[in-house]
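# Give me the fold of what follows.
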Amino acid sequence: MLLASVLVLVGAGCVTARPPSREEVLQKILPSTVQIVVEQREGRRITSGSGVAIASRRTGVGASCFVLTSGHTFSGLAGKMEIYAVFGRHRGPGQKARALLVASRNDSIDLALLRAESDQCDTVSLASAPVLGEPIWVIGFPLGRHIMLSSGIVSQVGLESASDPATSARLIVDAPVSYGVSGGGVFDARTGRLIGLVEGFSTARLTAQGPTPAWYIDVPVPGQTLVTPLADIRRFLDESEQADLLPP
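Numbers count the residues shown, from 1 in each chain. The predicted structure is shown next:
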């Protein structure tokens, strides 16, 4: 009897939490994915992008949802556009809400912050610093169409200056993306926590040969998706006086 009791106690001390299944992780991160639509004032679509909901704040008239996306989506369009955030796209057409451009940059940090009124604001959780080989998921809306999930790994984490702790890591993943996925979330596939946003992708230029007028097309280079890491996201929010939107 004594031996059995000891074995039970030892066994109880070794119990660990079961890691979430793939379905559980997806149920956690899909609702935080937001489609961004930019239209002319008469309603014609100009461009589109992807984003993630990072915070929700109660107001006197409802709930404000703060969404991070890419800054280049709005480059050159000031005063000519209406911005919309579409929530719940993983379930269908989603809920389209007009959004306000709170802050935007398109230089060393390619990010923008939107605020929209929505009661469908499911926000992300933040991951720790990524490591090489870590499995990831990218979620976005290629060509402004249906939601798409792609998988891969963290293929590069490099510091320009290891002696400077303020220097952000250059983060690259090998998950394939295309136009319209900029601003989409990059998530740790095991936990569903956010590690960064899609900044863009490397391209190769294909040029036509022959007697016809020269033309070219830029195509994505497989396996070279550039990611804006959390360090840059925090710096952007801090410089935009919105640092309180993310937990410390």
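# This protein: strands as residue ranges?
33-39, 45-59, 62-69, 82-87, 95-106, 110-117, 135-140, 148-159, 169-173, 185-188, 194-207, 216-229 (DSSP state E).
# who's in contact with I29?
With contact set as C-beta atoms under 8 Å, 6 or more residues apart in numbering, I29 has these partners: 124, 137, 139, 185, 187, 192. Every residue, glycine included, has its C-beta placed from N, CA and C.
# how about those residues, which pair is most distant?
Checking these against each other with C-beta to C-beta, the farthest-apart pair comes out as V124 and W137, at 12.2 Å.
# anything in contact with each of the two?
Between them, V124 and W137 share the contacting residues 29, 187, judged by C-beta under 8 Å, 6+ apart.
# beta partners for the most centrally placed residue in the chain?
Centre of the chain computed as the mean C-alpha position; nearest residue by C-alpha atoms, centre = their mean is G185, 1.9 Å away. Beta-bridge partners of G185, counted by DSSP bridges, are I139, L197.
# Y216 versus that one, what's the distance?
As for G185, its distance to Y216 is 31 Å (criterion: C-beta to C-beta, to the nearest Å).
# go on, L226?
Applying C-beta to C-beta, the value for L226 to Y216 is 21 Å.
# neighbour-wise, which of the two wins?
The neighbour comparison of L226 against Y216 (other C-beta atoms under 10 Å) goes to L226, with 19 against 9.
# List the residues that contact the nearest residue to the more buried one once chain neighbours are set aside.
Once its chain neighbours are removed from consideration, L226 has its nearest residue in E199; the separation is 4.3 Å (C-beta to C-beta, 6 or more residues apart in numbering). Neighbouring residues of E199 by C-beta under 8 Å, 6+ apart: 70, 110, 182, 226-228.
# Give me the number of neighbouring residues for the residue nearest to G184 when sequence neighbours are not counted.
Sequence neighbours aside, G140 is the residue nearest to G184 in space, at 2.9 Å (criterion: C-beta to C-beta, 6+ apart). Look at G140: counted by other C-beta under 10 Å, it has 30 neighbours.
# Check E82 too.
The burial count assigned to E82 is 14, neighbours taken as other C-beta under 10 Å.
# try G184
Around G184 sit 33 other residues, with neighbours defined as other C-beta under 10 Å.
# Surely Q35 touches M148?
No: with the criterion set as C-beta atoms under 8 Å, Q35 and M148 do not qualify as a contacting pair; they are 11.1 Å apart.
# neighbour count winner among those two?
When Q35 is set against M148 and neighbours are counted by other C-beta under 10 Å, the residue ahead is Q35, at 27 against 18.
# ok, the more buried one to Q95 distance?
Computed with C-beta to C-beta, the distance linking Q35 and Q95 is 11 Å.
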